[in-house]
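Participant: Prediction below, plus the sequence it came from.
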Amino acid sequence: MSRNTRAAASAFDTFKPIIDRAIKDDEIRHNVTRAWSAARRVYDDLGGEGPIGAASKLSKDDSDVREGLDTTVQSLSEAIVRLSGKQPKKRGSWAPFLIFAIVLVVLFNPATGTTTRAWLKDTLFGSEEEFDYSTPNY
């Protein structure tokens, strides 16, 4: 077997699962079709325009062109994620960060921070006894 044949067989073995997934998965086909039709609409809207005319349409608030571009990018990214077989990353909630920020503001606020910290320390660890730091008389 020649070197080129081995390379082609290796490439085929690498891409075969991806191609099978693209052919058999209805969601991938739907995403690619939706991206194609949205890109086609954008091309038709910008068709016949020179580079300056296309740039001016993109810079204006032309919602049809922008929506078409957004749909194209979103559909293609969904298809790529689906083709790779990975699950899309889910974004976390802002709630833990927000709670942490509020606690920091309350504890280190110059107006109420010292009393709040003293109350929290007394509540969590109990009140401390007063110490007398006087020197003994001999």
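Facilitator: Sure, I can see it.

Participant: Which secondary structure elements does the worst-scoring helix or strand of the chain on mean pLDDT sit against?
Facilitator: Within the chain, no helix or strand scores below helix 51-59, which has a mean of 75 by mean pLDDT, DSSP states H and E. Helices and strands touching helix 51-59, by 3 or more CB pairs under 8 Å, 6 or more residues apart in numbering; DSSP states H and E, are helix 26-46, helix 63-84. Any C-beta I mention is one placed from the backbone N, CA and C, and that applies to glycine too.

Participant: Grab the CA positions of that helix and hand them over as PDB.
Facilitator: Output of helix 51-59 as PDB, limited to C-alpha atoms (Å, rounded to 0.1, in the frame of the first residue of the first chain):
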ATOM      1  CA  PRO A  51     -18.500  47.100  -0.900                       C
ATOM      2  CA  ILE A  52     -19.500  50.600   0.200                       C
ATOM      3  CA  GLY A  53     -23.200  50.000  -0.200                       C
ATOM      4  CA  ALA A  54     -23.000  46.700   1.700                       C
ATOM      5  CA  ALA A  55     -21.000  48.300   4.500                       C
ATOM      6  CA  SER A  56     -23.500  51.100   4.800                       C
ATOM      7  CA  LYS A  57     -26.400  48.600   5.000                       C
ATOM      8  CA  LEU A  58     -24.600  46.600   7.700                       C
ATOM      9  CA  SER A  59     -23.800  49.800   9.700                       C
END
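
Participant: what's near enough to touch the most centrally placed residue in the chain?
Facilitator: In the chain, the centroid-proximal residue (CA atoms, centre = their mean) is residue 91; its distance is 6.0 Å. Residue 91 sits next to no residue when contact means CB atoms under 8 Å, 6 or more residues apart in numbering.

Participant: Perfect, I'm done here.
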